[in-house]
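Trainee: A predicted structure for the sequence below; I have some questions about it.
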Amino acid sequence: MALHISPSFWKILPELRYEPTPRRIRAQLGGNTVVDSTHAVLAYEPRRVTPIYAVPAGDISAELTAAAPDGDPLAGVPPEALMDPRYPFSAHTAPGQPLDLRAGSHELPGAGFRPEDADLAGYVLLDFNAFDRWLEEDQVVQGHPRDPFHRVDALDSSRAVRVHLDGQLLAETRQPLLVYETMLPPRTYFPRGDVDWDVLNASTFRSVCPYKGTANYWSVAGHPAGTDLAWSYEAVLPDSAQLKDRVSFFDERTEVYVDDIKQEITSLFRF
């Protein structure tokens with residue numbers, strides 16, 4: 001029987017997974033290199049979809065001590081929340097020992113985690129956000145480590161696409177850029193000139209994607225579903241240069257029509 005690949009991904013989601021990387025991985029604090037490893041792995045805790053770096057303890061130039069217990073970090077956490085890469089590192093879903101790190105004058109409570117797993121014996125998982133800067137070889141990594149099994153494909157199209165919020169037209173184009181990203185819903189990126197800027201207000205919210213760059217957001221004022229509804233990658237990474245000067249909307253909170261056919265938006269996530 002043929003194997004349907006994407007459902008297989010969700011079947012292994014509850015497991016602790018890892019993938020070795022041949023790249024040199026470094027982390028810096030205050031201009032000093034605290035982590036320097038050529039034996040790193042990308043580790044995925046159970047129910048997490050984005051990886052974190054794990055390195056041999058000997059590749060960390062810091063004192064590692066057991067962290068004091070701090071209650072149950074998973075209490076009341078819905079399964080889908082753990083899939084958000086912004087969710088706290090401290091919400092560990094695998095058995096193991098949280099660790100505090102001390103490097104010179106820098107103290108990083110709970111920034112390490114030693115899993116109880118034979119395949120990762122001697123490795124320490126590290127909180128990406130606890131360090132000032134991460135490097136793969138000499139390239140800065142933003143947001144979180146890149147997943148080697150993740151693709152982002154941006155394709156020009158001539159399909160007619162329009163997006164509404166409760167019937168109010170927000171954008172309409174015959175020149176969409178369709179972005180297909182692994183395990184995520186397709187996104188339509190509109191030329192700026194095809195967006196109704198009179199209904200959008202700039203937001204203070206920003207997000208960082210390791211594949212695309214840093215995004216600015218806009219909201220539709222006075223609408224409960226309009227907060228941070230649209231975004232554009234103002235600081236685009238080289239691999240996603242096509243997204244420059246394009247604007248996208250959350251399909252999940254809007255009505256989207258492609259060639260005059262209303263789209264049924266379904267989540268790809270399975271819990």
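Mentor: Happy to help now that I have it. Residues are numbered from 1 along each chain as shown.
Trainee: does residue 65 touch residue 107 like I think?
Mentor: No - the pair residue 65 and residue 107 does not pass the contact test of CB atoms under 8 Å, sitting 10.2 Å apart. C-betas here are computed from N, CA, C, even on glycine.
Trainee: joint contacts of these two?
Mentor: By CB atoms under 8 Å, 6 or more residues apart in numbering, residue 65 and residue 107 have these common neighbours: residue 100.
Trainee: so where's the chain uncertain?
Mentor: Under the criterion pLDDT under 70, the flagged ranges of the chain are 71, 75-76, 79-83, 266-271.
Trainee: domain-wise, how is it divided?
Mentor: When the chain is parsed with automatic domain parsing, its domains come out as 5-141, 152-262.
Trainee: now do the end-to-end distance for the longest one.
Mentor: If I follow you right, that is domain 5-141. End-to-end span of domain 5-141 (CA to CA, to the nearest Å): 28 Å.
Trainee: ok, stretch 19-29 next?
Mentor: For stretch 19-29, the first-to-last residue distance is 25 Å (CA to CA).
Trainee: which outside residues touch that stretch?
Mentor: With CB under 8 Å, 6+ apart, stretch 19-29 has contacts from 33-42, 51, 53, 55, 103-104, 106, 108, 126, 131-137, 148-149.
Trainee: may I see the buried residues of it?
Mentor: Of the residues in stretch 19-29, those buried by neighbour count under the rule 16 or more other CB atoms under 10 Å are 21, 23, 25, 26, 27, 28, 29.
Trainee: against residue 21, how distant is residue 146?
Mentor: In this structure, residue 146 lies at 10 Å from residue 21, with CB to CB, to the nearest Å as the measure.
Trainee: what is in contact with these two at once?
Mentor: Contacts common to residue 146 and residue 21, judged by CB under 8 Å, 6+ apart, are residue 136.
Trainee: tell me the phi and psi of residue 192?
Mentor: In terms of degrees, to the nearest 10, the main-chain angles of residue 192 are phi -60, psi -40.
Trainee: same question for residue 15.
Mentor: Per-residue torsions, residue 15: phi -100, psi 160 (degrees, to the nearest 10).
Trainee: do the same with residue 218
Mentor: Its backbone dihedrals place residue 218 at phi -130, psi 150, with angles given as degrees, to the nearest 10.
Trainee: ok, and the closest non-adjacent residue to it?
Mentor: residue 200 (4.0 Å; CB to CB, 6 or more residues apart in numbering).
Trainee: so the one you found makes contact with residue 230?
Mentor: Yes - when contacts are counted by CB under 8 Å, residue 200 is listed as touching residue 230 (6.1 Å).
Trainee: which one of the two is surrounded by more residues?
Mentor: When residue 200 and residue 230 are compared for neighbours, residue 230 comes out ahead with 26 against 20, by other CB atoms under 10 Å.
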